[in-house]
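J.: quick one, what's the 3D model for this:
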Amino acid sequence: MTLNETTETAPAVPHAPAAPELSALIVPLLRGVIYQETDASLWQALANLQHRVRDYVAVMGLELILDEAEGYAFLRSRPAPADGGDDAAAKIPRLIVRRPLSFAVSLLLALLRKKLAESDASGGETRLVLTREQVADMMRVFLPDSSNEARLVDQIDTHLNKVIELGFIRKLKPATGAPAGQAAAFEVRRILKAFVDAQWLAEFDERLQGYRQQLETGLKGNGDE
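T.: Okay, here's the model as predicted:
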(Lines give C-alpha, C1' and ligand atoms only; values in the text may rest on other atoms or scores of the structure.)
Protein backbone atom coordinates (compact mmCIF):
# COMPACT_ATOMS: atom_id res chain seq x y z
CA MET A 1 0.00 0.00 0.00
CA THR A 2 1.30 3.47 -0.84
CA LEU A 3 0.15 6.91 0.18
CA ASN A 4 0.82 10.39 -1.13
CA GLU A 5 2.85 12.70 1.06
CA THR A 6 3.78 16.31 0.32
CA THR A 7 7.43 17.17 -0.10
CA GLU A 8 9.05 19.87 2.03
CA THR A 9 10.92 21.43 -0.90
CA ALA A 10 9.23 24.49 -2.36
CA PRO A 11 8.43 24.03 -6.07
CA ALA A 12 9.38 26.37 -8.87
CA VAL A 13 6.99 29.30 -9.27
CA PRO A 14 4.60 28.91 -12.22
CA HIS A 15 4.51 31.38 -15.11
CA ALA A 16 2.67 34.16 -13.30
CA PRO A 17 3.12 35.02 -9.62
CA ALA A 18 0.19 34.31 -7.38
CA ALA A 19 -1.61 37.12 -5.62
CA PRO A 20 -0.61 37.45 -1.95
CA GLU A 21 -3.91 36.00 -0.72
CA LEU A 22 -3.51 33.05 -3.08
CA SER A 23 0.06 32.39 -1.96
CA ALA A 24 -1.13 32.36 1.65
CA LEU A 25 -3.28 29.36 0.72
CA ILE A 26 -1.00 27.48 -1.63
CA VAL A 27 2.05 27.45 0.64
CA PRO A 28 0.21 25.73 3.55
CA LEU A 29 -1.33 23.25 1.10
CA LEU A 30 2.10 22.36 -0.27
CA ARG A 31 3.24 21.73 3.29
CA GLY A 32 0.36 19.47 4.26
CA VAL A 33 -3.35 19.34 5.11
CA ILE A 34 -5.57 22.31 5.98
CA TYR A 35 -8.22 21.51 8.59
CA GLN A 36 -11.32 23.58 9.21
CA GLU A 37 -11.23 22.87 12.94
CA THR A 38 -7.67 24.09 13.44
CA ASP A 39 -7.67 27.20 11.20
CA ALA A 40 -11.16 28.48 10.48
CA SER A 41 -10.00 31.72 8.79
CA LEU A 42 -7.63 29.93 6.40
CA TRP A 43 -10.32 27.35 5.66
CA GLN A 44 -12.85 30.07 4.81
CA ALA A 45 -10.37 31.81 2.53
CA LEU A 46 -9.73 28.51 0.75
CA ALA A 47 -13.45 27.89 0.35
CA ASN A 48 -13.83 31.33 -1.24
CA LEU A 49 -10.82 31.02 -3.56
CA GLN A 50 -10.85 27.30 -4.30
CA HIS A 51 -11.44 27.73 -8.04
CA ARG A 52 -8.39 29.99 -8.36
CA VAL A 53 -6.35 27.56 -6.25
CA ARG A 54 -7.38 24.66 -8.50
CA ASP A 55 -6.33 26.56 -11.62
CA TYR A 56 -3.01 27.57 -10.07
CA VAL A 57 -1.92 24.17 -8.78
CA ALA A 58 -3.01 22.48 -12.03
CA VAL A 59 0.02 24.15 -13.66
CA MET A 60 2.19 22.08 -11.29
CA GLY A 61 0.39 18.83 -12.08
CA LEU A 62 -1.59 18.88 -8.82
CA GLU A 63 -5.26 18.88 -7.90
CA LEU A 64 -7.04 20.26 -4.86
CA ILE A 65 -9.07 17.80 -2.80
CA LEU A 66 -11.47 19.75 -0.59
CA ASP A 67 -14.09 17.97 1.50
CA GLU A 68 -16.41 20.55 3.00
CA ALA A 69 -18.44 17.97 4.91
CA GLU A 70 -15.40 16.49 6.66
CA GLY A 71 -13.48 19.76 6.91
CA TYR A 72 -10.12 19.03 5.29
CA ALA A 73 -8.24 19.96 2.13
CA PHE A 74 -4.97 18.78 0.57
CA LEU A 75 -3.12 18.54 -2.72
CA ARG A 76 -2.37 15.39 -4.66
CA SER A 77 -0.84 14.58 -8.04
CA ARG A 78 -3.28 14.56 -10.91
CA PRO A 79 -4.01 11.05 -12.21
CA ALA A 80 -2.15 9.95 -15.31
CA PRO A 81 -4.25 9.92 -18.51
CA ALA A 82 -6.37 6.77 -18.69
CA ASP A 83 -5.22 6.08 -22.24
CA GLY A 84 -1.56 6.51 -21.32
CA GLY A 85 -1.35 9.32 -23.85
CA ASP A 86 1.68 11.54 -24.17
CA ASP A 87 0.02 14.77 -23.04
CA ALA A 88 1.70 17.64 -21.20
CA ALA A 89 0.32 16.63 -17.80
CA ALA A 90 2.07 13.27 -17.97
CA LYS A 91 5.45 15.00 -18.46
CA ILE A 92 5.27 17.20 -15.34
CA PRO A 93 7.68 16.00 -12.61
CA ARG A 94 5.90 14.79 -9.47
CA LEU A 95 5.82 17.20 -6.54
CA ILE A 96 3.93 14.69 -4.38
CA VAL A 97 5.96 11.58 -3.70
CA ARG A 98 4.54 8.11 -3.15
CA ARG A 99 6.07 6.09 -0.31
CA PRO A 100 5.43 2.40 0.28
CA LEU A 101 4.25 1.44 3.76
CA SER A 102 5.09 -1.66 5.74
CA PHE A 103 2.44 -4.36 5.99
CA ALA A 104 1.93 -3.61 9.68
CA VAL A 105 1.31 0.11 9.08
CA SER A 106 -1.02 -0.69 6.17
CA LEU A 107 -2.86 -3.12 8.40
CA LEU A 108 -3.24 -0.50 11.12
CA LEU A 109 -4.59 2.04 8.63
CA ALA A 110 -7.10 -0.52 7.35
CA LEU A 111 -8.29 -1.36 10.86
CA LEU A 112 -8.63 2.31 11.78
CA ARG A 113 -10.57 3.02 8.58
CA LYS A 114 -12.95 0.15 9.28
CA LYS A 115 -13.41 1.37 12.85
CA LEU A 116 -14.21 4.84 11.51
CA ALA A 117 -16.80 3.38 9.15
CA GLU A 118 -18.40 1.43 12.00
CA SER A 119 -18.50 4.55 14.15
CA ASP A 120 -20.19 6.53 11.37
CA ALA A 121 -22.72 3.75 10.74
CA SER A 122 -23.68 3.66 14.42
CA GLY A 123 -24.56 7.34 14.35
CA GLY A 124 -22.37 8.02 17.38
CA GLU A 125 -19.81 10.74 17.95
CA THR A 126 -18.22 12.31 14.88
CA ARG A 127 -14.83 11.98 16.57
CA LEU A 128 -13.32 8.53 16.92
CA VAL A 129 -10.96 8.30 19.90
CA LEU A 130 -9.13 5.08 20.77
CA THR A 131 -6.71 4.20 23.54
CA ARG A 132 -3.41 2.51 22.84
CA GLU A 133 -4.80 -0.64 24.45
CA GLN A 134 -7.78 -0.64 22.08
CA VAL A 135 -5.47 -0.28 19.08
CA ALA A 136 -3.27 -3.08 20.42
CA ASP A 137 -6.31 -5.34 20.82
CA MET A 138 -7.38 -4.65 17.22
CA MET A 139 -3.95 -5.52 15.82
CA ARG A 140 -3.26 -8.45 18.13
CA VAL A 141 -5.96 -10.49 16.40
CA PHE A 142 -4.01 -10.37 13.14
CA LEU A 143 -0.49 -10.78 14.53
CA PRO A 144 1.22 -14.06 15.38
CA ASP A 145 0.95 -15.13 19.00
CA SER A 146 3.78 -13.77 21.13
CA SER A 147 4.72 -14.42 24.72
CA ASN A 148 6.60 -11.11 24.82
CA GLU A 149 3.80 -8.63 25.48
CA ALA A 150 6.19 -5.71 26.09
CA ARG A 151 7.83 -6.24 22.72
CA LEU A 152 4.45 -6.40 20.99
CA VAL A 153 3.37 -3.11 22.61
CA ASP A 154 6.65 -1.48 21.54
CA GLN A 155 6.02 -2.58 17.96
CA ILE A 156 2.50 -1.20 18.02
CA ASP A 157 3.81 2.10 19.42
CA THR A 158 6.20 2.25 16.47
CA HIS A 159 3.33 1.72 14.03
CA LEU A 160 1.21 4.34 15.82
CA ASN A 161 4.02 6.87 15.61
CA LYS A 162 4.30 6.26 11.86
CA VAL A 163 0.57 6.82 11.40
CA ILE A 164 0.84 10.02 13.46
CA GLU A 165 3.69 11.12 11.18
CA LEU A 166 1.49 10.44 8.15
CA GLY A 167 -1.20 12.67 9.68
CA PHE A 168 -3.99 10.10 9.99
CA ILE A 169 -4.21 10.14 13.79
CA ARG A 170 -3.15 12.57 16.47
CA LYS A 171 -2.23 11.89 20.06
CA LEU A 172 -4.49 13.69 22.51
CA LYS A 173 -3.19 15.57 25.50
CA PRO A 174 -4.36 14.24 28.89
CA ALA A 175 -7.32 16.14 30.29
CA THR A 176 -6.61 18.64 33.01
CA GLY A 177 -6.61 16.88 36.35
CA ALA A 178 -6.38 13.43 34.78
CA PRO A 179 -4.68 10.85 37.00
CA ALA A 180 -1.04 10.04 36.35
CA GLY A 181 -0.53 7.03 34.14
CA GLN A 182 -3.84 7.44 32.31
CA ALA A 183 -3.89 5.45 29.06
CA ALA A 184 -2.73 7.37 25.98
CA ALA A 185 -5.58 8.26 23.61
CA PHE A 186 -5.54 8.91 19.87
CA GLU A 187 -8.06 10.62 17.59
CA VAL A 188 -8.52 9.09 14.15
CA ARG A 189 -8.54 11.95 11.67
CA ARG A 190 -11.28 11.81 9.09
CA ILE A 191 -8.90 12.52 6.22
CA LEU A 192 -8.12 8.79 6.40
CA LYS A 193 -11.38 8.30 4.45
CA ALA A 194 -9.82 10.06 1.45
CA PHE A 195 -6.90 7.62 1.30
CA VAL A 196 -8.60 4.35 2.25
CA ASP A 197 -11.81 4.51 0.24
CA ALA A 198 -15.03 2.50 0.16
CA GLN A 199 -13.83 0.24 -2.65
CA TRP A 200 -10.73 -0.61 -0.62
CA LEU A 201 -12.93 -1.44 2.36
CA ALA A 202 -15.16 -3.64 0.22
CA GLU A 203 -12.19 -5.99 -0.17
CA PHE A 204 -11.24 -5.62 3.49
CA ASP A 205 -11.47 -9.26 4.57
CA GLU A 206 -9.46 -10.51 1.62
CA ARG A 207 -6.78 -7.87 2.15
CA LEU A 208 -6.54 -8.58 5.87
CA GLN A 209 -5.96 -12.25 5.19
CA GLY A 210 -3.13 -11.30 2.87
CA TYR A 211 -1.67 -8.94 5.45
CA ARG A 212 -1.84 -11.58 8.13
CA GLN A 213 -0.02 -14.14 6.03
CA GLN A 214 2.69 -11.66 5.07
CA LEU A 215 3.12 -10.46 8.66
CA GLU A 216 3.42 -14.00 9.94
CA THR A 217 6.04 -14.80 7.32
CA GLY A 218 8.02 -11.62 8.09
CA LEU A 219 7.87 -11.97 11.87
CA LYS A 220 8.89 -15.64 11.78
CA GLY A 221 11.72 -14.83 9.41
CA ASN A 222 13.34 -11.85 11.09
CA GLY A 223 11.43 -11.03 14.29
CA ASP A 224 10.39 -7.62 12.92
CA GLU A 225 7.38 -6.17 11.16
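J.: pull out the buried positions in stretch 65-77.
T.: Residues 66, 70-77 are the ones in stretch 65-77 that count as buried (16 or more other C-beta atoms under 10 Å). No exception for glycine: its C-beta is placed from N, CA and C like everyone else's.
J.: I meant to write stretch 187-197 there.
T.: Applying 16+ other C-beta under 10 Å to stretch 187-197 flags 188-196 as buried.
J.: which ones among those residues lie within strands?
T.: With strands identified by DSSP state E, the entries of those that belong to them are residue 188.
J.: could you pull out the helices in this protein for me?
T.: Along the chain, the segments classed as helices by DSSP state H run 20-31, 40-58, 103-121, 132-140, 149-166, 192-195, 198-202, 204-222.
J.: would you mind putting the buried residues of stretch 187-197 into TSV with distance to residue 47 and pLDDT alongside?
T.: Formatted as TSV, those follow (distance: C-beta to C-beta, whole Å; pLDDT from 0 to 100):
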residue	distance to residue 47	pLDDT
188	24	94
189	19	93
190	17	91
191	17	91
192	22	91
193	19	88
194	17	87
195	22	84
196	25	82
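J.: and which of the buried residues of stretch 187-197 is nearest to residue 60?
T.: Distance to residue 60 across the buried residues of stretch 187-197 (C-beta to C-beta) is lowest for residue 194, with 19.7 Å.
J.: low-confidence stretches in this protein?
T.: By pLDDT under 70, the weakly predicted segments of the chain are 1-20, 80-99, 124, 143-147, 175-182, 201, 204, 207, 210-212, 214-225.
J.: one more time with 80, if that's ok
T.: Scanning the chain for pLDDT under 80 picks out 1-20, 79-101, 103, 123-126, 141-150, 174-183, 197-225.
J.: which one among the buried residues of stretch 187-197 gets closest to residue 59?
T.: For those, the minimum distance to residue 59 (C-beta to C-beta) is 22.8 Å, reached by residue 194.
J.: map the structural domains onto the sequence of this structure.
T.: Listed domain ranges for the chain are 2-100, 103-222 (source: automatic domain parsing).
J.: which pair in the buried residues of stretch 65-77 spans the largest distance?
T.: Top of the distance list for the buried residues of stretch 65-77 (C-beta to C-beta): 71 and 77, 22.7 Å.
J.: how close does residue 162 sit to residue 138?
T.: With distances taken as C-beta to C-beta, to the nearest Å, residue 162 is found 16 Å from residue 138.
J.: hmm, I was thinking of residue 191
T.: 20 Å.
J.: residue 132 too?
T.: Per C-beta to C-beta, residue 132 is found 11 Å from residue 138.
J.: please apply the same query to residue 200.
T.: Going from residue 200 to residue 138 by C-beta to C-beta gives 17 Å.
J.: ok, those two, which is more surrounded?
T.: residue 138 (17 against 14; other C-beta atoms under 10 Å).
J.: adding distance to residue 37, write the buried residues of stretch 65-77 out as TSV.
T.: As requested, the buried residues of stretch 65-77 are exported to TSV (distance: C-beta to C-beta, whole Å):
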residue	distance to residue 37
66	15
70	10
71	6
72	9
73	12
74	15
75	19
76	21
77	26
